[in-house]
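> Got a sequence here, can you build the structure:
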Amino acid sequence: MKTWPLQSLTMEQAQRKQFQLVDTICRHFPGSDFLSAGDLGLVPGLNQPQMTQRVESVLADFFGAPAAALVQGAGTGAIRSGLAALLKSGGSLLIHDAPLYPTTAVIAEQMGLQLIRADFNQLEDVKRAIEEHRPQAALIQHTRQSINDSYHLQEVIACFNHYDLPSLTDDNYAVMKVESMGCECGATLSTFSCFKLFGPPGVGVVVGAEKAVNAVRQSMYSGGSQIQGFQAMEALRGLVFAPVMHAVQAQVNDSLVEQLNTSSIAQVKQAFIANAQSKVLLVEFHQPIAEKVLAKAQQLGALPYPVGAESKYEIPPLFYRVSGTFRESDPTLEQRMIRINPNRSGAETVLRILRESCEGI
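You can find the predicted model right below:
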């Protein structure tokens with residue numbers, strides 16, 4: 001089976017990204033300002049907590065964008081508010097011809113969007129869809145929706161921009177793991193969850209064009225819709241640790257692929273890396289034993305389900321079924337394949353749990 005996972009940051013690249021973010025923080029938080037839990041409420045003139053505004057300025061500068069906004073609802077909330085800033089209910093949205101992430105599909109249904117599909121792996125198909133249907137905006141998921149996806153984000157966004165088509169990238173599971181995210185590649189807006197980057201639950205980010213970000217802000221007028229200062233500061237602190245921690249995780253995944261494809265675990269047919277949606281290890285078995293392996297792995301200390309898919313709460317490795325979008329594209333995968341996310345564990349722990357789980361069947 002062939003996959004086209006995103007290129008993870010090397011450890012050196014991850015360190016540079018961390019250092020760049022800390023340098024940006026220093027420019028916005030002189031003296032002891034950073035040693036604060038953050039303020040609350042609607043500061044006159046800002047209509048938001050002061051620390052939230054400062055963190056948003058850090059994010060905009062770090063990602064090289066005109067503006068950024070922290071929103072409620074984590075990644076889903078960011079996508080929802082971003083799409084609402086780009087097109088009205090009932091509008092037409094260009095998407096990849098693959099299963100939509102379930103929460104994104106709910107947003108499209110709630111907004112009554114007309115979905116126009118094109119194969120993003122084929123730029124000519126994207127051009128044809130734009131010229132024939134003239135969509136009002138485009139949505140592209142940075143990570144893979146189907147196991148055979150191979151499109152290059154920057155190339156697809158360049159195609160959108162050629163037609164002056166506003167675009168939103170779902171950068172969940174890609175931010176701080178790869179060199180550039182959507183808005184850095186020319187997309188109108190990038191959206192992602194801070195919860196997946198060691199931040200607090202419920203905080204999302206929309207970053208990109210100032211006009212679109214301002215439209216997001218206008219939808220958050222009331223105090224109850226604001227991200228409070230302490231949430232913003234916690235999100236920023238978590239973001240600092242994300243690139244290096246995810247680079248370590250990528251190294252563990254690479255080691256696991258090499259060892260599993262040359263090991264003596266008889267039940268394993270092959271192992272490979274895929275973005276499904278987070279970058280994980282996929283293990284395919286010769287026989288349909290996936291459910292039994294997962295049940296046994298849970299008894300041996302593996303996490304049986306995600307919390308925020310790489311949140312700060314997920315320390316042991318995750319042994320889980322393949323993603324919903326992958327299952328929808330090929331229902332047979334559920335019985336013969338599992339995904340493993342090492343989280344903060346080493347390769348030895350993952351191999352031990354997998355070997356003992358297989359031996360117990």
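> May I ask you to confirm that residue 322 is in contact with residue 340?
No. Residue 322 is beyond contact range of residue 340, at 10.6 Å (criterion: C-beta atoms under 8 Å). To be clear about C-beta, it is placed using only N, CA and C from the backbone, and glycine gets the same treatment.
> Overlap of the contact sets of these two?
With contacts taken as C-beta atoms under 8 Å, 6 or more residues apart in numbering, the residues that reach both residue 322 and residue 340 are residue 282.
> buried stuff in the strand or helix carrying residue 19?
Take DSSP states H and E as the rule and residue 19 turns out to sit in helix 11-28. Buried residues in helix 11-28, defined by neighbour count with 16 or more other C-beta atoms under 10 Å: 13-14, 17-18, 21, 24-25, 28.
> Mind picking the two most distant members of these?
For the buried residues of helix 11-28, the maximum inter-member distance is 23.2 Å, found between 13 and 28 (C-beta to C-beta).
> returning to that earlier point: save the buried residues of helix 11-28 as TSV, and put in pLDDT and distance to residue 258 too.
Below are these laid out as TSV (pLDDT from 0 to 100; distance: C-beta to C-beta, whole Å):
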residue	pLDDT	distance to residue 258
13	97	21
14	97	20
17	98	25
18	98	27
21	98	31
24	98	36
25	98	37
28	97	42
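> in this protein, which helix has the most residues?
Counting by DSSP state H, the longest helix found in the chain is helix 229-260.
> Tell me the strands beside whichever helix or strand comes after that helix, with direction?
For helix 229-260, the succeeding helix or strand toward the C-terminus, using DSSP H and E, is strand 268-275. In the sheet, strand 268-275 lines up against strand 279-285 (antiparallel) (DSSP bridges).
> Run the angle between the partner strand and helix 229-260 for me.
Angle between the axes of strand 279-285 and helix 229-260 is 40 degrees (criterion: axes from the mean of the first three to the mean of the last three C-alpha atoms, to 10 degrees).
> Pull the helix or strand just after strand 279-285 out as CSV, backbone CA atoms only.
Of the helices and strands lying after strand 279-285 in sequence (DSSP H and E), the nearest is helix 290-299. Extracted in CSV, the C-alpha atoms of helix 290-299 (Å, rounded to 0.1, in the frame of the first residue of the first chain):
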residue,chain,number,x,y,z
ALA,A,290,-7.8,-5.5,14.4
GLU,A,291,-10.6,-5.4,17.0
LYS,A,292,-9.0,-8.1,19.1
VAL,A,293,-5.6,-6.4,19.0
LEU,A,294,-7.2,-3.1,20.1
ALA,A,295,-9.0,-4.8,23.0
LYS,A,296,-5.8,-6.5,24.2
ALA,A,297,-3.7,-3.4,23.8
GLN,A,298,-6.0,-1.5,26.1
GLN,A,299,-5.3,-4.0,28.9
